[in-house]
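Engineer: Pasting a predicted model and its sequence here:
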Amino acid sequence: MRKPDVMRRPHAARTGARMVPVPLLVPALVGLAFLLLPLIALLVRAPWRSLPDQLTSPEVWEALRLSLVCATSATALSLVVGVPLAWLLARTEFPGRGVVRALVTLPLVLPPVVGGVALLLAFGRNGVIGQWLDAWFGITLPFTTTGVILAETFVAMPFLVISVEGTLRAADPRFEEAATTLGASRFTAFRRVTLPLIAPGIAAGAVLAWARALGEFGATITFAGNFPGRTQTMPLAVYLALQNDPAAAIALSLVLLAVSIAVLAGLRDRWVRAS
Amino acid sequence: MTRSVCRTRRIRRSLRVSGAGAATLLALSACSSSTGSQEESGSAGSSSEVSGQVTVFAAASLEESFTALGEEFEKRHPGTGVTFSFGGSDALAAGITSGAPADVFASASPKTMATVTDAGATAGEPSTFVRNQLEIATLPGNPEGISSLEDLTSSSLKVVLCDKTVPCGTAAQRALKAGGLELTPVSYEQDVKAALTKVELNEADAAVVYRTDVKAAGDKVTGVDFPEAAEAVNDYPIAVLKDAPNASAAKAFVALVKSAEGQRVLTDDGFRTP
């Protein structure tokens, strides 16, 4: 698929770099240093000698396992309901669509703790919906792994929706129209034409959502509480370790950092750039 | 020192923290022109030469009592102002050892105070001014009929404890050990107020918190005393800080806290005298 002009691009970028004006280069480097220095500090201050002991404790693995399971489940849940939601926002007209879109993106700017409180008031044992879940089915969501997944989905899904909606808007709707004029139902056109067309955008959104879910702290600790093996994800373990054992907190942070870098680096080239 | 937490109290508190910064600036500018204000307070007939702003870092559990004592202090020493920063003792201690401009530190645990004295940040030895004791907080009216710590071990109850890394959690573990009890909570909360909130919101049936927190929550929870709490009493130390911008006012505030009047306010809120 590679064409000659694509091949020439890196060269063009190199000649471009030589001409970067100083008023742009200096702040850019300051910005880069600002983002990287805290991470470097984490590496410098890491208790390398005791690291093997810190990391082989069962609590750490339990927290990491739970983090991975919950972030992946939250991403899956976001895909199931988020992609159709994005399609609705991008491809249909209905009154108040602008308001709906703004509301969908609200968790992006809402402090996660506020999200946690809102989830408690909605799905808690005494919540608007939660009290009926408890009364009818005996289901209570706070303090459960499901609660963690819900909290993570709440903060992570907007990333997926925004990403997919953007891709849908950029994708040419005429392919879908062609499919429907050829006799496909709208759902078949979505399944067979639209989905493959926007797959890179979905993947990019899913990676973003997964990364956001992995780092989720505020909504989780507020809504799901903290119990090792059930609701204690890595960010919670880091926060609580910091109270009396900073070395352990740094060690846990390193694990989270390594996992995040591995995932972003592994997927970025394949998916994010493709969109 | 910002903690992710859910309560409006905290929002107020963080406003106060930023207020503390502003107040310190005010205090500094007041110092530079202090001759005038000192003469003023002298002419007002005040017996002491205490003036200006005093910044107090205090454990979250002291919020109600210290706010009242701060007002009393300002009344006794016209021309002074007390600014509080309430928060988790560990977070406050970290702030002080990182150079936060505070005059007084009141901690909920001797261990936390020790991190400040070890860093050489206090002027003189800290002293214990009150003690706090654990109590069970249950839903209003105690519908589950909880009467002892052992009742909490029933598997049908949703109980929250503080995490072992924070003082109220260590105390709870000590009490359980004293009673020879095993308790699996639904959650280990990050601080005592978070644990109490879970009961106030009816998400948990009971929490092991401080007696003062039960009292401060009013009729939103019902408190149940238990004998094992005697094994897990928390001492609260207070100290004037070495780099206090206003050392004389800091000493006067500590004196008020330890005076008969100060102790009365604190015991009214559920604290015990040392």
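Structural biologist: Here it is on my side, so go on.
Engineer: care to break chain B down by domain?
Structural biologist: Annotated domains of chain B cover B:15-131+B:236-268, B:134-231 [automatic domain parsing].
Engineer: Nearest to A:Arg65, out of the ones you listed?
Structural biologist: Taking C-beta to C-beta, domain B:134-231 is the member of the domains of chain B nearest to A:Arg65, at 18.2 Å. No exception for glycine: its C-beta is placed from N, CA and C like everyone else's.
Engineer: okay, how far is it across the closest one, tip to tip?
Structural biologist: 10 Å (C-alpha to C-alpha, to the nearest Å).
Engineer: Select from the domains of chain B the stretch with the lowest mean pLDDT.
Structural biologist: Mean pLDDT is lowest for domain B:15-131+B:236-268 among these, at a mean of 80.
Engineer: Next one: it, is it in contact with chain A?
Structural biologist: Yes: using C-beta under 8 Å from any C-beta of the partner chain, domain B:15-131+B:236-268 reaches chain A at B:Gly88, B:Asp90.
Engineer: sorry, back to before: compile the domains of chain B into TSV and extend it with columns for mean neighbour count.
Structural biologist: Converted to TSV, these look like this (neighbours: other C-beta atoms under 10 Å in any protein chain shown):
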stretch	mean neighbour count
domain B:15-131+B:236-268	19
domain B:134-231	20
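Engineer: Go through stretch A:40-60 and flag the buried ones.
Structural biologist: Neighbour counts using 16 or more other C-beta atoms under 10 Å in any protein chain shown place A:Ala46, A:Gln54, A:Val60 of stretch A:40-60 among the buried residues.
Engineer: what's it in contact with?
Structural biologist: Identification of contacts with stretch A:40-60 by C-beta atoms under 8 Å, 6 or more residues apart in numbering or on different chains yields A:Pro228, A:Ala237, A:Ala247, A:Ala248, A:Ile250, A:Ala251, A:Leu252, A:Ser253, A:Leu254, A:Val255, A:Leu257.
Engineer: the helices in the stretch 1-150 of chain B, which residues?
Structural biologist: Assigned by DSSP state H, counting those that start in this stretch, the helices in the stretch 1-150 of chain B fall at B:8-32, B:34-43, B:63-76, B:89-97, B:110-118.
Engineer: the longest helix in chain A is where?
Structural biologist: helix A:58-91 (DSSP state H).
Engineer: Contact residues of the stretch 151-275 of chain A facing chain B?
Structural biologist: Residues of the stretch 151-275 of chain A lying near chain B (C-beta under 8 Å from any C-beta): A:217-218, A:221-222, A:224-228, A:231-232, A:239-241, A:243-245.
Engineer: I'd like the distance between A:Leu89 and A:Val99.
Structural biologist: Applying C-beta to C-beta, to the nearest Å, the value for A:Leu89 to A:Val99 is 11 Å.
Engineer: ok, and the closest non-adjacent residue to the residue of chain B at minimum distance from chain A?
Structural biologist: Per C-beta to the nearest C-beta, the residue of chain B with the smallest distance to chain A is B:Ser187, at 2.8 Å. Closest residue to B:Ser187 apart from its sequence neighbours, by C-beta to C-beta, 6 or more residues apart in numbering or on different chains: A:Gly225 at 2.8 Å.
Engineer: follow-up on the earlier one: please pick the buried ones from the residues of the stretch 151-275 of chain A next to chain B.
Structural biologist: Buried, going by 16+ other C-beta under 10 Å: A:217-218, A:221-222, A:224-227, A:231-232, A:239-241, A:243-244, out of those.
Engineer: Closest one to chain B out of these, please.
Structural biologist: Nearest member of those to chain B, counting by C-beta to the nearest C-beta, is A:Gly225, at 2.8 Å.
Engineer: Closest to the centroid, which residue in chain A?
Structural biologist: Against the mean C-alpha coordinate of chain A, by C-alpha atoms, centre = their mean, the closest residue is A:Ala209 at 2.0 Å.
Engineer: What pLDDT does the model give it?
Structural biologist: pLDDT recorded at A:Ala209 is 94.
Engineer: Any idea how many residues pack against A:Phe94?
Structural biologist: 8 (other C-beta atoms under 10 Å in any protein chain shown).
Engineer: and it, what is it in contact with?
Structural biologist: Neighbouring residues of A:Phe94 by C-beta under 8 Å, 6+ apart: A:Val100.
Engineer: Mind doing that once more with 10 Å?
Structural biologist: Contacts for A:Phe94 (C-beta atoms under 10 Å, 6 or more residues apart in numbering or on different chains) come out as A:Leu88, A:Val100.
Engineer: For A:Val100, see how far away it is.
Structural biologist: A:Phe94 sits 8 Å away from A:Val100 when distances are taken as C-beta to C-beta.
Engineer: joint contacts of the two?
Structural biologist: In contact with both A:Phe94 and A:Val100: A:Leu88, using C-beta under 10 Å, 6+ apart.
Engineer: of A:Leu89 and A:Val99, who's got more company?
Structural biologist: Shown here are A:Leu89 and A:Val99; by other C-beta under 10 Å, A:Leu89 has more neighbours (20 against 9).
Engineer: Pretty sure that one sits against A:Pro158.
Structural biologist: No: counting by C-beta atoms under 10 Å, A:Leu89 sits too far from A:Pro158 to count as a contact (11.4 Å).
Engineer: any shared contact partners between the two?
Structural biologist: Contacts common to A:Leu89 and A:Pro158, judged by C-beta under 10 Å, 6+ apart, are A:Val104.
Engineer: Quick check: beta-bridge partners of the residue of chain B closest to chain A?
Structural biologist: For B:Ser187, the residues forming beta bridges with it (DSSP bridges) are B:Val160.
Engineer: Could you pull out the buried residues of the one helix or strand A:Val148 maps to?
Structural biologist: According to DSSP states H and E, A:Val148 maps onto helix A:145-170. Within helix A:145-170, the residues scored as buried using 16+ other C-beta under 10 Å are A:145-168.
Engineer: check contacts around A:Phe190.
Structural biologist: For A:Phe190, the contact set (C-beta under 10 Å, 6+ apart) comprises A:Val83, A:Pro84, A:Trp87, A:Arg91, A:Glu176, A:Ala179, A:Thr180, A:Ala184, A:Ile198.
Engineer: One more pass at 7 Å, please.
Structural biologist: A:Trp87 (C-beta atoms under 7 Å, 6 or more residues apart in numbering or on different chains).
Engineer: again, but for A:Ala209
Structural biologist: Applying C-beta under 7 Å, 6+ apart to A:Ala209 gives the contacts A:Thr75, A:Ser78, A:Ala156, A:Met157, A:Phe159, A:Leu160.
Engineer: and of those residues, the nearest to chain B?
Structural biologist: Using C-beta to the nearest C-beta, the shortest approach to chain B within the contacts of A:Ala209 belongs to A:Ala156, at 16.7 Å.
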